[in-house]
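**Student:** from the sequence below, what's the structure:
(one chain, ligands or ions: 3)
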Amino acid sequence: MGNVFVLDHPLIQHKLTYIRNKETGTKEFRELVDEVAMLMAFEITRNLPLQDKTIETPVVETKAKVLSGKKIGLVPILRAGLGMVDGVLKLIPAAKVGHVGLYRDPETLQPVEYYIKLPSDINERELIVIDPMLATGGSANDAIHSLKKRGAENIRLMCLIAAPEGVEVIKEEHPDVDIYLGALDEKLDEKGYIVPGLGDAGDRLFGTK
Ligand SMILES: O=P(O)(O)OC[C@H]1O[C@H](OP(=O)(O)OP(=O)(O)O)[C@H](O)[C@@H]1O
Ligand SMILES: O=c1cc[nH]c(=O)[nH]1
Ligand SMILES: [Mg+2]
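**Tutor:** Ligands and ions are numbered 1, 2, ... in the order given. Have a look, this model is predicted:
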């Protein structure tokens, strides 16, 4: 079964509170999402493999640690996932970025895929699927199926906020995928919004409401 990690670092929790607040406007919302994405990336990359490298300090030759060059790919789910990409790239600047375009039909809550463009070597990469919201789980589930169909083997999912329903779907459908969350909320409402949540992440990021 995939693991679920709630990243409860105080800075992440503090900033999430401002992100949730309906009084927070687009500019501040965008900046906070970017910051939390960076902090989450710091936690998610905690177990990246290191290797020794011999270098000379001004004092002596020594063996020091460098990342072992594992290839990483970020896959934001459009639109709202875009708001987290730059934050993650601040810590992993060499990552390649693929895009999966999906929207959730407001009536059926079923995901509709409208775009996909991925690095050609996704099968060699450790992929991080990025979306602020994991609600029914339909969108992330579809995106992960799409990636696997195209050869991806190593996938993690990173979301700001999830509902238990969405987490269950991913655990059931993709037991190989670890899930990293800023918060695990209470439930979904009758329209499929996360409660307490933050509202519509895409609309709040891009000012489209
Ligand atoms: O888990 P689910 O029930 O599928 O819901 C979550 C999806 O809903 C939101 O996207 P939305 O459909 O609003 O598209 P947008 O990012 O273009 O606003 C969100 O960013 C997720 O992709
Ligand atoms: O609460 C929710 C659920 C789906 N999509 C969002 O943007 N917010
Ligand atoms: Mg939206």
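
**Student:** can you tell me the SS state at residue 55?
**Tutor:** strand (DSSP: H, G, I helix; E, B strand; the rest coil).

**Student:** that one against residue 62, yeah?
**Tutor:** Yes: between residue 55 and residue 62 there is a contact under CB atoms under 8 Å: 6.5 Å. The C-beta positions use only the backbone N, C-alpha and C, and glycine is treated the same way.

**Student:** where along the chain do the strands fall?
**Tutor:** Taking DSSP state E as the test, the strands found in the chain are 4-6, 50-56, 61-67, 72-78, 96-97, 99-104, 111-117, 126-130, 133-134, 154-162, 178-184, 187-188, 194-195.

**Student:** so which of those is the most surrounded?
**Tutor:** Burial of the strands of the chain is given as mean neighbour count (mean count of other CB atoms under 10 Å); strand 133-134 ranks first at a mean of 28.

**Student:** does it come close to ligand 2?
**Tutor:** Yes: for strand 133-134 and ligand 2, the contact criterion (CB under 6 Å from any ligand atom) is met by residue 133.

**Student:** and the residue lying closest to residue 2 once chain neighbours are set aside, how far is that from residue 88?
**Tutor:** Closest residue in space to residue 2, ignoring its immediate chain neighbours: residue 177 at 4.7 Å, by CB to CB, 6 or more residues apart in numbering. Residue 177 is 17 Å from residue 88, where distance means CB to CB, to the nearest Å.

**Student:** residue of this structure nearest ligand 3, please.
**Tutor:** As assessed by CB to the ion, ligand 3 sits closest to residue 202 within the chain, at 3.1 Å.

**Student:** residues of this protein that sit close to ligand 1?
**Tutor:** 77-80, 102-104, 109, 111, 131-139, 166, 192, 200-202.

**Student:** how does it look with 8 Å?
**Tutor:** 77-81, 102-104, 109, 111, 131-142, 163, 166, 169, 188, 192, 200-203, 206, 208 (CB under 8 Å from any ligand atom).

**Student:** mark which of those residues are buried, thanks.
**Tutor:** 77-81, 102, 104, 111, 131-142, 163, 166, 169, 188, 192, 201-202, 206 (16 or more other CB atoms under 10 Å).
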